[in-house]
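K.L.:
quick one, fold the following:
(chains A, B and C)
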Amino acid sequence: MAERDLTRTPGFSRQWCREGSGRVGLALLVVVSVVLVSLSLGKVVLTPAALWAAWGAPSTPAGMIVTELRLPRIVLAALVGGALGLSGWLLQQVMRNPLASPDIIGVTSGASAAAVGYMALLGAGSGMQWLPVAAVAGAIATALGIYRLAWQGGVTPIRLVLMGIGASATLGALTMLALVLSPLTTTLSAYVWLTGSVYGAHWGTVRTLAGCCALLLMVLVPLMRHVPLAPLNDALATGLGVRVQRLRAMVLALAATLAGVAIAWGGAFAFVGLVAPHLARLVCRRPGLSQGVLAVLIGSTLVMLADLLGRTLFLPLDLPAGIFVAAIGAPFFLGLLLREVR
Amino acid sequence: MATVSARALTLGYQHQRILDELDVVLPERQISVLVGSNGCGKSTLLKALARLLSPWSGEVCLNGVDIQTRPTREVARLLSLLPQHPVAPEGMTVRQLVSLGRYPHQSWINQWSREDARQVERALTRTGLVDMAERGVDSLSGGQRQRAWIAMAVAQDTPLMLLDEPTSFLDLTHQMEVLDLLRDLNRQEGKTVVMVLHDLNLACRYADHMVAVCRGRVHIQGTPSEVVTREQVKEVFGLSCRIIQDPFFHTPLCIPFGRDAPP
Amino acid sequence: MTRLVMMLVLLLASLWLSLMAGAVWYGPSTVGHALLSASPTDVQGLVIRTTRVPRTLVALVAGACLAVAGGVMQTLTRNPLASPGLLGVNAGALFVMVMLVSLWPGAGVSLWYGGAFAGAALAALLVWAVAMRGQASGGPLKLVLAGAAITALFTSFSQAMLVIDQQGLDTVLFWLAGSVAGRPLAEVTPLMGVALVALFACRPLARSMNVLAAGEAIARGVGVGVARLQLLMVVLVILLAGSSVAMAGNIAFVGLIVPHIARRLLPVDHRIWLAGCALMGATLLLLADVIGRTVILPREIPIGVMTALIGAPLFITLVRRQGGGHGRA
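P.N.:
From the prediction side, this is the model:
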């Protein structure tokens, strides 16, 4: 009984995996330290003391940099990464496949096609505040479409994945068509968007995204109890009293929406949704809730780090974080791929 | 207590009819074994009894109520199911796996009650897995893994257990081990056990009640000595054989002839 | 055999159509005249010889290459969903090429082409490693997902290169979208040579591939040098996919769909089946190019987009038709 802690009062009981809780605490520490480092690095480097002073005086130039420029950007990166990590973890649970993720299932390409189509139709510049709405709509529509296509008196993970790959290719082609046919300036900004970037984040965006994530979490929390049973075979899960098809549909919808909102405000970050849950599994081997939490924290860390590299490594250039997500994620991913497919 | 029965049950996949107006009542507190040749519909019947398949017509009744109309969680407190080829999530420990069996008894606020803890310990003890409780399911041998799955069903604490070929891919020693375990559960705790078995002789050894399924219907049912006769085996399996009495356990023992001429 | 001849006839017809079609349509006699008597004053003939003939040839060879590469990969991995596009070989070739174009713009085409082969090799070896390890347990889905992930990886790298090097965008976009237009014949001739050698090299291996299709153990049992054969097949795939990407960029789904259609129409003898793949792949790409360059004049739909728009719905129907997925993941 050494590996578990109990919380039990009359009418409420929970069991906690000690390994998991410990690792979550550690990951939180990492997140906090990455936030602090990101706050102090940039064109203007702040010492811890200067950072503290700037924090206390938001109207000074240093304070402006910290609270109005760096912090919203960091928080946005954390939210985007966390949402994508969670989305990937949920998908991997219900698809019963460690390689499922929003990019591969087609949700990302749905959001991308909608967003790039929107840019191409309106031209970059005007009406861009509605771009996120288009992207979310695209993600959700794609998820629905894939679900519908995979439905043959029920939905199996295999068919969902295959439909996702097919839909992904079609939408990718449409995105490419829109890119080729639109003027070069639009193409460029579309590419930056496709790579994923949290450049120019401000508190308004952060608030909207945080609100969306909070709403989705409220839906997710009552569902969490059922998620660990999703990786079992359908027959086993049904035998235990899970309504498998309903659970699958709900988690899929939730994961697609989560990825959709993250992409809508942060751009089409690839790989976070795939790599973060993998790393979470590496950090805590035992399946369960703590893996999900770890996927969120690791996703956040990944995007925050990528953004930090993007805006400091090639000063004065400010490169999109998406580039570095791929660069950090790829080596991990390849190693895992060869390990995973035994 | 729980009884399960099928009435005029017809169902199939796509356009192919597998079960054809099948009627069967499975006796309470006994071990019932479904036998039949490949593709006769015995696994389909077990799945229908476990509400995995919804019938085209007819119904499966659990305690006299149509199983399809009952909430699936309520059914899961009466009936546990071990399908063929169960798959455990990677990295899961035996204890975690067995704990999943408590799912139908839990609610959002109560996810680990004293009863949950007690039942999981009991299931681990019953199946002799206490020492391996913290090991990963992936690291177990075939026989141990099958015991872990049975432990999950035991933790589910249902009066009725359905098992689809619980002995497949096990060597003879482990087949006996699993079947002995199931018989203990039946004799000591009064559980109703319904399972599909391929090996006719093992079925005779362990069954209280045998159901021979043939072409989507129940061909004959009763005690092993009533079901396993030369004529019935010929009709159900299309196999010529001789039935003798097991010299030690006095159950029927089938000696198949195949192409060899009977001596 | 008659079907094979019909496919050949169809190919020749689309070849002719490809020479005729475009912003301006030329009659068959004009085309024939332009091909037979090359007079420098004949403007129409000049247009046909310098723009239509090269793009037609590129589409012809690239289509055949992709389809045969798909067929060989499906036999090699024993996975009906294997293809250079889906498993990331094309994306790998594309990425290395895009990287060279961005980082070393003055290097010239031959280095870029070399990059395409290197990238294809990199991705193919990766896929192969996964496939070899996956055979014991993974099942077809794992390989496909691994391939999709490899594709996503290389694609995001390519996109990143684009964002870093915005000058190269125009050149690179050409490859990313896939196109057969505007390649001077002199530039692609060596690639075509490689492609043709690889295509014809499939013929002597076809009989061994027939045996391999029945399973590795069986092939070994009847005395096929399995490891050597597999290695040769991987090399073929690299050459075929690499040269098609270098010629025409990213063209999706030809390698997946064509072998499937060919399997329905032809006996599953690799000698005939792969030949059918080559003929049909070439036909498909020629027709896709004809459609792409005529429907939204004066612009063109990139051929890679066209094939994805034709191929992806076919792929979805294929998966749905098979009703796959009752088995285990």
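K.L.:
please tell me how far C:Ala123 sits from C:Leu153.
P.N.:
For C:Ala123, the distance to C:Leu153 (Cβ to Cβ, to the nearest Å) stands at 9 Å. Every C-beta, even on glycine, is put in place using the N, C-alpha and C of the backbone.
K.L.:
need the overlap of contacts for those two.
P.N.:
When contacts are counted by Cβ atoms under 8 Å, 6 or more residues apart in numbering or on different chains, the set common to C:Ala123 and C:Leu153 consists of C:Gly88, C:Ala91.
K.L.:
please give the element, helix or strand, for the residue of the stretch 151-300 of chain C found nearest chain B.
P.N.:
As assessed by Cβ to the nearest Cβ, chain B sits closest to C:Ala217 within the stretch 151-300 of chain C, at 20.2 Å. With elements taken from DSSP states H and E, the one containing C:Ala217 is helix C:216-221.
K.L.:
give the other helices and strands that the helix or strand following that helix contacts.
P.N.:
If you walk from helix C:216-221 toward the C-terminus, the next helix or strand you reach (DSSP H and E) is helix C:226-248. Counting by 3 or more Cβ pairs under 8 Å, 6 or more residues apart in numbering or on different chains; DSSP states H and E, the packing neighbours recorded for helix C:226-248 are helix C:53-77, helix C:89-103, helix C:109-134, helix C:185-213, helix C:216-221.
K.L.:
near chain A, which residues of the stretch 151-263 of chain B? Just list them.
P.N.:
Within reach of chain A by Cβ under 8 Å from any Cβ of the partner chain, the stretch 151-263 of chain B has these residues: B:Gln156, B:Leu162.
K.L.:
rerun at 7 Å
P.N.:
Residues of the stretch 151-263 of chain B found near chain A (Cβ under 7 Å from any Cβ of the partner chain) are B:Gln156.
K.L.:
hey, C-alpha coordinates of the helix or strand that B:Val25 is a member of in PDB?
P.N.:
Here B:Val25 is covered by strand B:16-26, with elements defined by DSSP H and E. As requested, C-alpha coordinates have been extracted for strand B:16-26 and formatted as PDB (Å, rounded to 0.1, in the frame of the first residue of the first chain):
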ATOM      1  CA  GLN B  16     -25.900 -12.700 -41.800                       C
ATOM      2  CA  ARG B  17     -28.100 -14.300 -39.200                       C
ATOM      3  CA  ILE B  18     -26.100 -16.100 -36.400                       C
ATOM      4  CA  LEU B  19     -28.700 -16.900 -33.800                       C
ATOM      5  CA  ASP B  20     -32.100 -18.000 -34.800                       C
ATOM      6  CA  GLU B  21     -34.900 -17.800 -32.300                       C
ATOM      7  CA  LEU B  22     -32.800 -19.300 -29.600                       C
ATOM      8  CA  ASP B  23     -34.200 -20.000 -26.200                       C
ATOM      9  CA  VAL B  24     -32.100 -20.800 -23.200                       C
ATOM     10  CA  VAL B  25     -32.300 -20.500 -19.400                       C
ATOM     11  CA  LEU B  26     -29.100 -20.700 -17.500                       C
END
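K.L.:
determine whether any part of that strand lies close to chain C.
P.N.:
No: under the criterion of Cβ under 7 Å from any Cβ, chain C is not reached by strand B:16-26; the shortest gap measures 12.9 Å.
K.L.:
low pLDDT regions in the stretch 1-150 of chain A?
P.N.:
Along the stretch 1-150 of chain A, segments meeting pLDDT under 70 span A:1-3, A:123-127.
K.L.:
hang on, I meant chain B
P.N.:
B:1, B:261-263.
K.L.:
where do the helices sit along it?
P.N.:
If DSSP state H is used as the criterion, the helices of chain B fall at B:42-49, B:72-76, B:94-100, B:114-126, B:142-155, B:172-189, B:200-206, B:224-227, B:230-237.
K.L.:
look up how far C:Ala181 lies from the residue nearest to the spatial centre of chain C.
P.N.:
Residue closest to the mean C-alpha point of chain C, counted by Cα atoms, centre = their mean, is C:Leu66 at 2.2 Å. Distance of C:Leu66 to C:Ala181, given as Cβ to Cβ: 17 Å.
K.L.:
residues in contact with stretch A:82-93?
P.N.:
Outside stretch A:82-93, the residues that touch it by Cβ atoms under 7 Å, 6 or more residues apart in numbering or on different chains are A:98, A:100-102, A:105, A:213, A:227, A:230-231, A:251, A:254-255, A:258-259, A:261-262, A:269, A:272-274, A:276-277, A:280, A:291-292, A:295-296, A:298-300.
K.L.:
hmm, try it at 6 Å
P.N.:
Where contact means Cβ atoms under 6 Å, 6 or more residues apart in numbering or on different chains, the residues beyond stretch A:82-93 that reach it are A:98, A:100-102, A:213, A:227, A:230-231, A:251, A:255, A:258-259, A:262, A:272-274, A:276-277, A:292, A:295-296, A:298-300.
K.L.:
gap between C:Ile316 and chain B?
P.N.:
Counting by Cβ to the nearest Cβ, to the nearest Å, the separation of C:Ile316 from chain B is 20 Å.
K.L.:
contact partners for that residue?
P.N.:
Residues counted as contacts of C:Ile316 (Cβ under 6 Å, 6+ apart) are A:Gly166.
K.L.:
you'd agree it is in a helix?
P.N.:
Yes: counting by DSSP: H, G, I helix; E, B strand; the rest coil, C:Ile316 falls inside a helix.
K.L.:
around chain A, pick out the residues from chain C.
P.N.:
Residues of chain C lying close to chain A (Cβ under 6 Å from any Cβ of the partner chain) are C:130, C:133-134, C:138, C:141-142, C:145-146, C:148-149, C:152-153, C:156-157, C:159-160, C:162-163, C:177, C:252, C:302, C:305, C:308-309, C:312, C:315-316, C:319, C:325, C:329.
K.L.:
among those, which ones are in helices?
P.N.:
C:130, C:133-134, C:141-142, C:145-146, C:148-149, C:152-153, C:156-157, C:159-160, C:162-163, C:177, C:305, C:308-309, C:312, C:315-316, C:319.
K.L.:
circling back: in JSON lines, list the helices and strands packed on helix C:226-248 along with mean pLDDT.
P.N.:
Written out in JSON lines, the entries for those read as follows (pLDDT from 0 to 100):
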{"stretch": "helix C:53-77", "mean pLDDT": "92"}
{"stretch": "helix C:89-103", "mean pLDDT": "87"}
{"stretch": "helix C:109-134", "mean pLDDT": "83"}
{"stretch": "helix C:185-213", "mean pLDDT": "90"}
{"stretch": "helix C:216-221", "mean pLDDT": "84"}
